[in-house]
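**Student:** Structure for the following, please:
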Amino acid sequence: MNTIGNRLKLLRNTTTMSQTALAEQIHVTQSAVNRYENNESEPAYRILLWYADYFDVSLDYIFCRTDNPQGKLYQYQPEHLKAKMQNQEEWAQFVEGCFEEGSPMNAKLKEALFNMMGGESQ
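**Tutor:** Model (predicted):
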């Protein structure tokens, strides 16, 4: 079973860094690192953030919420925004009215807006 301590140990073992060297980096004792890795103590948030930054992994990975080091990817779509944009035709008319025709940048901005809303550019 994966635990936070197992993940921290696994991350450290991907390098040649000893517990002592890692402890110096995060300003704790070697015995504290040993306790973290053996699930005898929970590291502070700043330490977990250091691990995430140093090893370039997500906190989702450290917390064993996923086996993907980059973490879970979510498509955030607030309910109130989805409700307002149900009518794609109304949205398309709004976007068309916001931009002048002929400009290459305006075409790109329109396309980006349509893509954000999950529609296709007109």
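**Student:** tell me which element Tyr54 is part of?
**Tutor:** helix 45-55 (DSSP states H and E).
**Student:** got the CA coordinates for that helix in CSV?
**Tutor:** Output of helix 45-55 as CSV, limited to C-alpha atoms (Å, rounded to 0.1, in the frame of the first residue of the first chain):
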residue,chain,number,x,y,z
TYR,A,45,3.4,21.5,4.5
ARG,A,46,6.5,23.5,3.6
ILE,A,47,8.5,20.2,3.5
LEU,A,48,5.9,18.5,1.3
LEU,A,49,6.0,21.6,-1.0
TRP,A,50,9.8,21.4,-1.1
TYR,A,51,9.6,17.7,-2.2
ALA,A,52,7.0,18.6,-4.9
ASP,A,53,9.2,21.4,-6.3
TYR,A,54,12.5,19.6,-6.0
PHE,A,55,11.4,16.4,-7.6
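**Student:** pLDDT (mean, whole number) over that helix?
**Tutor:** If you average the pLDDT over helix 45-55, you get 95.
**Student:** could you say what helices and strands that helix packs with?
**Tutor:** Here helix 45-55 touches helix 4-13, helix 19-26, helix 59-62, going by 3 or more CB pairs under 8 Å, 6 or more residues apart in numbering; DSSP states H and E. The way it works is simple: take the backbone N, C-alpha and C, and place the C-beta from them, glycine included.
**Student:** Could you dump these into TSV with mean neighbour count and mean pLDDT added?
**Tutor:** Formatted as TSV, those follow (neighbours: other CB atoms under 10 Å; pLDDT from 0 to 100):
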stretch	mean neighbour count	mean pLDDT
helix 4-13	18	95
helix 19-26	16	96
helix 59-62	18	92
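**Student:** nearest to Ser41, of the ones you listed?
**Tutor:** With CB to CB, the closest approach to Ser41 among these belongs to helix 4-13: 8.7 Å.
**Student:** Could you tell me the angle between the helix holding Tyr54 and helix 19-26?
**Tutor:** 110 degrees (axes from the mean of the first three to the mean of the last three CA atoms, to 10 degrees).
**Student:** What are the buried residues along helix 45-55?
**Tutor:** Ile47, Leu48, Trp50, Tyr51, Ala52, Phe55 (16 or more other CB atoms under 10 Å).
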